[in-house]
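**Q** What would the 3D arrangement of this be:
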Amino acid sequence: MNEARHHVVVVGAGFGGLEFTRALAGAPVRITMIDKRNHHLFQPLLYQVATTALA
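**A** Down below sits the predicted model:
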């Protein structure tokens with residue numbers, strides 16, 4: 001029997017999209033990530049400042 005893998009499309013390659021994709025890394029699924037840019041700009045501590053984790 002043909003067991004087709006599920007296809008997951010992740011829209012957005014920000015912190016959430018990257019973490020979600022990383023969580024699915026071992027799952028038997030095909031993953032396609034779509035973003036308006038062809039690169040990721042990492043700004044250190046942006047996430048911590050935005051969530052008030054640094055005070």
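
**Q** so where do the helices sit in this structure?
**A** For the chain, the helices defined by DSSP state H cover 15-23, 46-50.

**Q** among the ones you listed, which is nearest K36?
**A** With respect to K36, and counting by CB to CB, the nearest of those is helix 15-23 at 11.8 Å. (Each C-beta comes from the backbone N, C-alpha and C, glycine too.)

**Q** contacting residues around that closest one?
**A** With contact meaning CB atoms under 8 Å, 6 or more residues apart in numbering, helix 15-23 is reached by 10-11, 31, 33, 35, 40, 47.

**Q** and of the residues you listed, the nearest to E3?
**A** I31 (17.2 Å).

**Q** roughly how far apart are the closest residue to H7 other than its chain neighbours and H6?
**A** Closest residue to H7 apart from its sequence neighbours, by CB to CB, 6 or more residues apart in numbering: R30 at 4.5 Å. Taking CB to CB, to the nearest Å as the criterion, R30 is separated from H6 by 7 Å.

**Q** Now which of the contacts of helix 15-23 would you call buried?
**A** Those of these that meet the buried threshold are V10, by 16 or more other CB atoms under 10 Å.

**Q** Most widely separated two among the contacts of helix 15-23?
**A** Taking CB to CB, the two most distant members of the contacts of helix 15-23 are I31 and Y47; they sit 22.1 Å apart.

**Q** where in the protein is pLDDT low?
**A** Along the chain, the model assigns pLDDT under 70 to residues 1-2, 53-55.

**Q** What are the boundaries of the strands in it?
**A** With DSSP state E, the ranges of strands along the chain come out as 6-11, 29-34.

**Q** Quick one: list the elements packing against the last one.
**A** By that I understand strand 29-34. With contacts taken as 3 or more CB pairs under 8 Å, 6 or more residues apart in numbering; DSSP states H and E, strand 29-34 sits against strand 6-11, helix 15-23.

**Q** what does the first one give?
**A** On a contact count with 3+ CB pairs under 8 Å, 6+ apart, strand 6-11 meets helix 15-23, strand 29-34.

**Q** about what we covered before: could you export the contacts of helix 15-23 as CSV, including distance to G17?
**A** Formatted as CSV, the contacts of helix 15-23 follow (distance: CB to CB, whole Å):
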residue, distance to G17
V10, 5
V11, 7
I31, 10
M33, 6
D35, 7
H40, 10
Y47, 13
